[in-house]
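**Student:** Build the 3D model from these lines:
(chains A and B)
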Amino acid sequence: MQRSNIYILVFSTIMTVLIGGAMSLTSVLLKPAQDKQVELDTKKKILGAVMDISTFKTPEEVFRLYKNRVKSIVVDIKGEIISKDVKGNPLVAEKVNAQKNHKITRNERLYPVYMILNESDTNAVEAYVFPMFGLGLWDWISGYIALESDLNTVKGIAFDHKGETPGLGARITEKKVRNRYNNTKKIFNEAGDLKSITMIKGEGNPPESEHEVDGLSGATITAKGVNKMLREYLGCYQSFIKTKKGESEIAINLKN
Amino acid sequence: MSAEASVVEKETKEKKNPAEPFLSKRRKNIVTDPLTDDNPITIQVLGICSALAVTVKLEPTLVMSIAVVFVIVFANLIISLMRNLIPGRIRIIVQLAVVATLVTLVSEFLKAYSYDMYKVLGAYVGLIITNCIVMGRLEAFAMANKPYDSILDGLGSGFGYAWIILTVAFFRELFGSGSIFDFKIFEALGWITFPTNGLMVDSIGAFVVLGILIWIQRSKSGYVEH
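**Tutor:** Purely as a prediction, here's the structure:
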């Protein structure tokens, strides 16, 4: 149908306004629900690195457990606690965006630390969880590594990814692969040097050392990304880990 | 004389436009044709990209199907309602704007109420915008037909797309992951060492399954491409 230019202009203007209005309205209305989902997802991942939370049915259970058992701080590269951001607002570890954070230089990044408290004694830290971020084959990968209170033994790990190939790289989120990072793995060697944990090439390898885990067949680049991410972020957290370790050793000596 | 003529006129008018039954044969065909004989995927070979991409597991495929049916039906309805107002020269842009709006709505709702699915489907929900089935139906049907018929047409094409991708997903998940809706079927049957097929979780597996489906259907219907 041929119409005048004026008609077309008016038509498109009205349509743009209507559609734009509808879009902004939904965005505003759904924002709280979406924020809650993102928060739930983060908390699930942090807890998931330490314990099995698959039996949890409602989001409220996750939030309650998180509130009771997790204490979070933000540290800088030197391992010192930062409580305020550049603008002077109080920093919340859960609000630190891992992707944006990854883009700034290592020395300026914020490093959130999540401390999982003991169930009966909430003054004692049972595990430390460190978020990580890196690149896989197609897009970003991220993860949370949980260390026992000795800050050396791995307690668990959780991964997330954006676009790794299902069945190949995407297997990093599977329990079977995550369980390879179990409590026989250590991030420091006996001399106290940071060794990180490396996924070796190929799958079904003979028993690995305590700094290695079995690899992913067909997903070498994802595995390399995971290794790089672990090495980089454990390196960044090293100062914090060493300070904490020093503190706990002093405490043990004092007790003796 | 004039009264008689008007009566005759009235009669012919009524004969010309008898109220079409709610589900007449023609309307039934609008819904059932795309399911088999004129299937958007197997016959028209449209919407292949998403059929390959999301069909690794049944659950995301189901969500994707619902999303596509929703988008097709409502886009058809909206465009059909506006069909006499849309200026011909910008009709494609108008169609695209309507589809994009609906897709964004689906994506936002998924993000708010099914975040896990949102993460799995991610970009593919957004890519419904470029799913040729949707635009194809708008241009070929909704622009020229009444709203109710357009809804039926949308349902037909939507479900025609849905059952094919669900079938593909069923075989890919069964052989690729040894499960159905994440339920480990072979383990439940006592076959713990079921060898999962890595090819099936790859896009190549989707091509193979889809190819077999198209083959079966075309040999049944005798459809040949010219």
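**Student:** For the rest of this, base every contact and every neighbour count on C-alpha atoms.
**Tutor:** Will do.
**Student:** got the buried residues for stretch B:203-220?
**Tutor:** Buried residues in stretch B:203-220, counted by 16 or more other C-alpha atoms under 10 Å in any protein chain shown: B:S203, B:G205, B:A206, B:F207, B:V209, B:L210, B:L213, B:I214, B:Q217, B:R218.
**Student:** Stretch B:89-106 now?
**Tutor:** In stretch B:89-106, counting by 16+ other C-alpha under 10 Å, buried: B:91, B:94-106.
**Student:** Need these in TSV (columns: distance to A:L230).
**Tutor:** Putting the buried residues of stretch B:89-106 into TSV (distance: C-alpha to C-alpha, whole Å) gives the following:
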residue	distance to A:L230
B:R91	52
B:V94	48
B:Q95	47
B:L96	44
B:A97	44
B:V98	45
B:V99	42
B:A100	39
B:T101	40
B:L102	40
B:V103	37
B:T104	36
B:L105	37
B:V106	36
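**Student:** among the buried residues of stretch B:203-220, which are in helices?
**Tutor:** Using DSSP state H, the subset of the buried residues of stretch B:203-220 located in helices is B:S203, B:G205, B:A206, B:F207, B:V209, B:L210, B:L213, B:I214, B:Q217, B:R218.
**Student:** for those, which one is nearest chain A?
**Tutor:** Chain A has its nearest neighbour among these in B:S203, at 9.5 Å by C-alpha to the nearest C-alpha.
**Student:** which one is that closest one nearest to, not counting chain neighbours?
**Tutor:** B:L52 (5.9 Å; C-alpha to C-alpha, 6 or more residues apart in numbering or on different chains).
**Student:** Would you double-check that the one you found falls in a helix?
**Tutor:** Yes: secondary structure of B:L52 (DSSP: H, G, I helix; E, B strand; the rest coil): part of a helix.
**Student:** Now the residue of chain B found nearest chain A: phi and psi?
**Tutor:** Nearest residue of chain B to chain A: B:A112, at 4.1 Å (C-alpha to the nearest C-alpha). Phi and psi for B:A112, reported as degrees, to the nearest 10, are phi -80, psi -30.
**Student:** could you check the distance from it over to A:F159?
**Tutor:** Using C-alpha to C-alpha, to the nearest Å, B:A112 is found at 22 Å from A:F159.
**Student:** Same drill for the two, tell me which one is more crowded.
**Tutor:** Regarding B:A112 and A:F159, a neighbour count based on other C-alpha atoms under 10 Å in any protein chain shown identifies A:F159 as having more, with 24 against 21.
**Student:** Enumerate the beta-bridge partners assigned to that one.
**Tutor:** Beta-bridge pairing for A:F159 (DSSP bridges): A:G143.
**Student:** Just confirm it contacts A:G169, I think it does.
**Tutor:** No: with contacts counted by C-alpha atoms under 8 Å, A:F159 stays clear of A:G169, the gap being 11.0 Å.
**Student:** returning to that earlier point: I'd like the buried residues of stretch B:203-220 written out as CSV, with pLDDT added.
**Tutor:** Listed next are the buried residues of stretch B:203-220 as CSV, based on pLDDT from 0 to 100:
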residue, pLDDT
B:S203, 79
B:G205, 87
B:A206, 88
B:F207, 89
B:V209, 91
B:L210, 89
B:L213, 89
B:I214, 87
B:Q217, 85
B:R218, 84
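**Student:** Name the nearest of these relative to A:K185.
**Tutor:** B:S203 (35.1 Å; C-alpha to C-alpha).
**Student:** Name the helix or strand for A:E60, please.
**Tutor:** Assessed by DSSP states H and E, A:E60 sits inside helix A:59-69.
**Student:** next one: B:F159
**Tutor:** helix B:147-176.
**Student:** and that helix, average pLDDT?
**Tutor:** Averaged across helix B:147-176, pLDDT comes to 90.
**Student:** same question, stretch A:163-182
**Tutor:** On average, stretch A:163-182 scores 80.
**Student:** what does chain B put close to chain A?
**Tutor:** Residues of chain B lying near chain A by C-alpha under 8 Å from any C-alpha of the partner chain: B:56, B:86-90, B:98, B:101, B:104-105, B:108-109, B:111-113, B:115, B:119, B:198, B:201-202.
**Student:** Okay, and which of those map to helices?
**Tutor:** Using DSSP H, the residues of chain B next to chain A in helices are B:98, B:101, B:104-105, B:108-109, B:111-113, B:115, B:119, B:198, B:201.
**Student:** sorry, back to before: list the helices and strands the helix holding A:E60 packs on?
**Tutor:** helix A:5-48 (3 or more C-alpha pairs under 8 Å, 6 or more residues apart in numbering or on different chains; DSSP states H and E).
**Student:** residue ranges for the strands of the stretch 51-200 of chain A, please.
**Tutor:** Applying DSSP state E, counting those that start in this stretch to the stretch 51-200 of chain A gives strands spanning A:70-75, A:111-117, A:125-135, A:140-148, A:154-161, A:198-199.
**Student:** closest one to A:D85 among the ones you listed?
**Tutor:** Each of the strands of the stretch 51-200 of chain A has some distance to A:D85 by C-alpha to C-alpha; the shortest is strand A:70-75, at 10.0 Å.
**Student:** in chain B, which residue is closest to the centre?
**Tutor:** Centroid-nearest residue in chain B: B:G158, 2.2 Å away (criterion: C-alpha atoms, centre = their mean).
**Student:** ok, now which ones touch it?
**Tutor:** Shown in contact with B:G158 (C-alpha atoms under 8 Å, 6 or more residues apart in numbering or on different chains): B:S65, B:V68, B:V69, B:F70, B:I72, B:V73.
**Student:** Between those, which sits nearest A:S209?
**Tutor:** Lowest distance from A:S209 to these (C-alpha to C-alpha) belongs to B:S65, with 46.5 Å.
**Student:** Might one say that the closest one is in contact with B:G160?
**Tutor:** No: B:S65 is beyond contact range of B:G160, at 9.8 Å (criterion: C-alpha under 8 Å).
**Student:** where in the stretch 101-250 of chain A is pLDDT low?
**Tutor:** In the predicted model, the stretch 101-250 of chain A carries pLDDT under 70 at residues A:166-167, A:207, A:248-250.
**Student:** Please enumerate the helices of it.
**Tutor:** In the stretch 101-250 of chain A, the helices defined using DSSP state H, counting those that start in this stretch lie at A:175-178, A:220-255.
**Student:** okay, the ones you listed, which one's buried deepest?
**Tutor:** The highest mean neighbour count among the helices of the stretch 101-250 of chain A, using mean count of other C-alpha atoms under 10 Å in any protein chain shown, belongs to helix A:220-255: a mean of 17.
**Student:** if we can go back for a sec, buried residues in the helix holding A:E60, which are they?
**Tutor:** A:V62, A:Y66, A:R69.
**Student:** what is the orientation angle of it with strand A:70-75?
**Tutor:** Interaxial angle of helix A:59-69 relative to strand A:70-75 (axes from the mean of the first three to the mean of the last three C-alpha atoms, to 10 degrees): 60 degrees.
**Student:** Now find how far off-centre helix A:59-69 is within its chain.
**Tutor:** Chain-centre distance of helix A:59-69: 18 Å, with C-alpha atoms, centre = their mean, to the nearest Å.
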